[in-house]
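A.B. asks: pasted the sequence and its predicted model underneath.
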Amino acid sequence: MSSSSVITTTRENPEKTLSRWSQPESHAWGQVFEPVCAAERARWLRQGMFLRMNRWVSKQIMHLFAFIWFKFTVHGKQSLPKSGFILAANHSSHFDTVALMHAMGKRGTETYILGARDYFFRFSFSTWFFRTFFRILPFDRHGEFGLGLSLAHEVLKTGHPLLIYPEGTRSPDGQVQPFKPGVGLLGVELGVPIVPCLIQGTFACLPRGKWWPKRAKVSVTFGPPLDVNDFRSQLVHMSLSRLSRKVASELYDDIVQLADATTRSE
């Protein structure tokens, strides 16, 4: 069975699927992603005037809310690449996305977000709302995750940033949780830079299980992009699954180091 057929047909956990991929003798980068069919592309990636206007309005509302509600600081914005890239951020609050869109400025309006299908797309209205206003793409974190990765592939090919929360869910205590390997797979397969991003303060503003936000000091720190080409050459020594986990682990370490550096500077 080819790696492409595994990724598009599996109903098992992504961790188990990754463990089944063997080390190829000559790997064709990017070929594990099946092309997105015309119907799915139209549903999730179309760019009509109505959608562009709604998304612009939603981003302005997020900017205004962040400006009014947060005491906001941004560091390392110059690290953001001009072309398509993956933004890998820690996740502890629903306000993380608001903070990131505000911190990224114009690039925030171009960004797509990979979100959990079982959380954001359970109902017809929520599917329409999050797709229309926030450019959230569905990712099935418990079953067939081929569509989510393939949509992410399409977005990155067109030069858009893609926001991923590699922990897979919000942290229950505000501490950075271990990263899932999907972010590493996307990065090395597509050859796009991955920017580690530390978000601080949003957990104090709106932690998991709370519905009313508090005012808080929020900071967003972008680290130097991770060059995945340095990892691609290592595929001759390890499997793709192990390589994906290695990239995810390094991103985790980068964000923890950003947190440590921020603590020392305070």
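C.D. replies: Ah, there it is.
A.B. asks: for the stretch 1-150 of the chain, what spans make up the helices?
C.D. replies: Applying DSSP state H, counting those that start in this stretch to the stretch 1-150 of the chain gives helices spanning 3-9, 14-20, 38-45, 49-69, 96-104, 106-109, 117-120, 124-134, 146-157.
A.B. asks: can I get those in a markdown table including mean neighbour count, mean pLDDT and distance to L198?
C.D. replies: Every C-beta, even on glycine, is put in place using the N, C-alpha and C of the backbone. Putting these into a markdown table (neighbours: other Cβ atoms under 10 Å; pLDDT from 0 to 100; distance: least, Cβ to Cβ, whole Å) gives the following:
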| stretch | mean neighbour count | mean pLDDT | distance to L198 |
| --- | --- | --- | --- |
| helix 3-9 | 16 | 33 | 30 |
| helix 14-20 | 17 | 52 | 25 |
| helix 38-45 | 13 | 73 | 29 |
| helix 49-69 | 14 | 79 | 16 |
| helix 96-104 | 23 | 91 | 11 |
| helix 106-109 | 15 | 86 | 17 |
| helix 117-120 | 16 | 78 | 23 |
| helix 124-134 | 15 | 80 | 22 |
| helix 146-157 | 21 | 82 | 22 |
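A.B. asks: and those as TSV, adding distance to G187?
C.D. replies: Shown next, in TSV, are these (distance: least, Cβ to Cβ, whole Å):
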stretch	distance to G187
helix 3-9	15
helix 14-20	14
helix 38-45	20
helix 49-69	25
helix 96-104	18
helix 106-109	18
helix 117-120	21
helix 124-134	23
helix 146-157	9
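A.B. asks: neighbours of the residue nearest to T202 when sequence neighbours are not counted, how many?
C.D. replies: Of all residues not flanking T202 in the chain, S93 sits nearest, at 3.8 Å (Cβ to Cβ, 6 or more residues apart in numbering). The tally of other residues near S93 (other Cβ atoms under 10 Å) stands at 24.
A.B. asks: now swap in T73 and tell me
C.D. replies: Neighbour count of T73, defined by other Cβ under 10 Å: 13.
A.B. asks: next one, pLDDT for it please.
C.D. replies: Model confidence at T73, given as pLDDT, is 92.
A.B. asks: how about the contacts made by it?
C.D. replies: The neighbours of T73, taking Cβ atoms under 8 Å, 6 or more residues apart in numbering as the test, are 217-220.
A.B. asks: looking at those, which are in strands?
C.D. replies: 217-220 (DSSP state E).
A.B. asks: how about those residues in JSON lines, adding distance to A42, pLDDT and neighbour count?
C.D. replies: Below are the ones in strands among the contacts of T73 laid out as JSON lines (distance: Cβ to Cβ, whole Å; pLDDT from 0 to 100; neighbours: other Cβ atoms under 10 Å):
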{"residue": "K217", "distance to A42": "42", "pLDDT": "92", "neighbour count": "12"}
{"residue": "V218", "distance to A42": "36", "pLDDT": "93", "neighbour count": "26"}
{"residue": "S219", "distance to A42": "39", "pLDDT": "95", "neighbour count": "18"}
{"residue": "V220", "distance to A42": "33", "pLDDT": "96", "neighbour count": "25"}
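A.B. asks: nearest to L185, of those?
C.D. replies: V220 (25.1 Å; Cβ to Cβ).
A.B. asks: which residues touch the residue lying closest to that closest one once chain neighbours are set aside?
C.D. replies: In space, V220 comes closest to A103 once its chain neighbours are excluded; the distance is 3.8 Å by Cβ to Cβ, 6+ apart. A103 is in contact with 72, 74, 77, 220, 222, counting by Cβ under 8 Å, 6+ apart.
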